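Novice: Kindly generate the corresponding structure for this input.
(one chain, ligands or ions: 1)
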Amino acid sequence: MEFQLSDEQRHLRDEVRRFADEEIRPIATEHDVNESYPHEVMEKAAEMGLLAPHVPVEYGGVGYSALENAILTEELFAADPGIGLCVSSAGFGAEAIMGFGSEDQKERILPAVTAGDAIMGSAISEPQAGSDVTSVATRAEKDGDKWVINGSKMWITNGTVADYFVVVCETDPDIEDRYTGFSQILVEGDRDGLTTEKITGKLGIRASDTAELVFDDVRVPEENLIGQRGMGFLQLMEFFDETRTAVAAQGVGIARGAAERALAYAEEREQFGRSIADFQAIKHKLAEMHTDTEAARWLTYRSAWAVDNEPGDLTALASMAKEFASRVAVDVADEAVQIHGGAGFVNDHDVERFYRDAKITQIYEGTTEIQKNIVARELLDEGI
Ligand SMILES: Cc1cc2nc3c(=O)[nH]c(=O)nc-3n(C[C@H](O)[C@H](O)[C@H](O)COP(=O)(O)OP(=O)(O)OC[C@H]3O[C@@H](n4cnc5c(N)ncnc54)[C@H](O)[C@@H]3O)c2cc1C
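Specialist: Numbers count the residues shown, from 1 in each chain. The predicted structure follows:
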């Protein structure tokens, strides 16, 4: 067993940490307060190779492994989860293109995303279809050589800023099999009939753009189908191990960011004539926060390693990592506010934002309850 990062991985971690400290931290509060998308960071993130970095080199990416992606995701989220998500979601849906897309789709989209010239969104959820993806009702029907799409999508990250969406549509509603009636279709953001409305008032990750999409007779060429018709749901399942591991890394970043800020504050704040870090109650909190973060990191690394080395056999592990790291993020952010006392209750201190931001990691990419269902299903060998 190896418990060491390579020199390249350590270098990556240090470089992304420096970038996040210099470019993200100083503007985090402003984008949180204004609920504004940090366009100014994206160009620099592209120069650093941080946009869709898992895209292979021949399509403009860096070809990072899942482990390297976990390392850089932690750094981005430790600086600021909202802007961290903007950077790490620029290529949402790129897996589908990489895994199943045509050569034309790959050449048209992937280099543009990695260069920072285009943003992607992955549109699965709907007002009535969240945890149960098989209840997706957005309909794509064939009309000559076009797909005609009608329906709506909810909570779509990058919804009002994306140039391309990978949209899960029902294409074969009459099929008896529960899983093979869906296809993924590429929809350009400027297609006639597609309207997007930004969702404001989010609890956290407020720099990240979230929107509702409405498809009203949106017509796209038949070549926009991604891979094989009817395989959309199964294509999605292939990437959940990877994307859930990435959300676990987000949780690790949030926990570390909160734990570090709490440690610094505890050393500096004085009560009863001494630093609050002298009180055993605070010492124990700090010890637990850092221990939990370390445990979450290693479970996440283990899952990422499995994505890279044992694909196809890690569904329970990825769900364990996602569930555990997101729980640690929420708990550690909570304790970080507690250590700050009243100061943690206002946005003069980052921990107020981390407390709000942490919660999303227990909701998107499959809720905590769904992750536990998956782990139990795998333990009990109940099949899909
Ligand atoms: C900020 C944000 C960004 C998002 N980004 C995207 C995106 O880019 N693309 C996208 O497609 N979606 C996105 N989502 C949607 C997200 O994936 C869903 O919100 C999530 O899957 C849960 O679905 P739901 O909200 O419909 O909740 P529901 O499925 O209605 O769940 C409600 C509650 O019931 C529980 N529950 C449901 N089914 C079960 C069950 N079988 N067993 C036990 N408990 C259950 C859930 O765990 C939850 O506690 C985003 C959401 C948010 C808030």
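Novice: Is the ligand within reach of stretch 229-243?
Specialist: No: under the criterion of C-beta under 6 Å from any ligand atom, the ligand is not reached by stretch 229-243; the shortest gap measures 9.6 Å. (Each C-beta comes from the backbone N, C-alpha and C, glycine too.)
Novice: any idea of the mean pLDDT in that stretch?
Specialist: Stretch 229-243 shows an average pLDDT of 93 in the prediction.
Novice: Distance from it to the middle of the chain?
Specialist: Computed by C-alpha atoms, centre = their mean, to the nearest Å, the separation of stretch 229-243 from the middle of its chain amounts to 16 Å.
Novice: Quick check: the residue of the chain found nearest the ligand vs Thr138, distance?
Specialist: Across the chain, no residue is closer to the ligand than Gly130, which sits at 1.7 Å (C-beta to the nearest ligand atom). Computed as C-beta to C-beta, to the nearest Å, the Gly130 to Thr138 distance reads 14 Å.
Novice: Neighbour count for those two, which is higher?
Specialist: Neighbour tally, Gly130 and Thr138, criterion other C-beta atoms under 10 Å: the higher count belongs to Thr138, 23 against 17.
Novice: how many other residues sit next to the closest residue in space to that one that isn't next to it in sequence?
Specialist: Closest residue in space to Thr138, ignoring its immediate chain neighbours: Gly151 at 2.9 Å, by C-beta to C-beta, 6 or more residues apart in numbering. By other C-beta under 10 Å, the residues close to Gly151 number 21.
Novice: tell me the contacts of the closest residue to Gly101 other than its chain neighbours?
Specialist: What sits nearest to Gly101 in space, not counting adjacent residues and going by C-beta to C-beta, 6+ apart, is Ile226, at 5.4 Å. By C-beta atoms under 8 Å, 6 or more residues apart in numbering, the contact set of Ile226 is Ala96, Ile97, Phe100, Gly101, Gln105, Val166, Ser183, Gln184, Ile185, Leu186, Gly232, Gln235.
Novice: Tell me the secondary structure at the residue sitting nearest the centre point of the chain.
Specialist: Taking C-alpha atoms, centre = their mean as the criterion, Val247 is the residue nearest the geometric centre of the chain, at 5.2 Å. Following DSSP: H, G, I helix; E, B strand; the rest coil, the label given to Val247 is helix.
Novice: Regarding the closest residue to it other than its chain neighbours, what are the backbone dihedral angles?
Specialist: Sequence neighbours aside, Glu365 is the residue nearest to Val247 in space, at 4.6 Å (criterion: C-beta to C-beta, 6+ apart). Main-chain torsions, Glu365, degrees, to the nearest 10: phi 60, psi 30.
Novice: How about the residues of the stretch 151-300 of the chain by the ligand?
Specialist: Trp155, Ile156, Thr157, Lys202, Ile205, Thr210.
Novice: Neighbour-wise, which one of the residues you listed leads?
Specialist: Using other C-beta under 10 Å as the neighbour test, those are led by Ile205, with 30 neighbours.
Novice: Correct me if wrong: Asn207 contacts Asp32.
Specialist: Wrong residue type there; residue 207 is Ala, not Asn. Yes: between Ala207 and Asp32 there is a contact under C-beta atoms under 8 Å: 6.1 Å.
Novice: Show me what the strand or helix carrying the residue nearest to Thr138 is packed against.
Specialist: Using DSSP states H and E, the secondary-structure element containing Gly151 is strand 146-157. Where contact means 3 or more C-beta pairs under 8 Å, 6 or more residues apart in numbering; DSSP states H and E, strand 146-157 is packed against strand 120-123, strand 139-143, strand 164-170, strand 182-188, strand 210-221.
Novice: how many other residues sit next to the residue lying closest to Glu268 once chain neighbours are set aside?
Specialist: Nearest residue to Glu268, sequence neighbours excluded (C-beta to C-beta, 6+ apart): Ser275, at 7.4 Å. Ser275 has 14 neighbours, counted by other C-beta under 10 Å.
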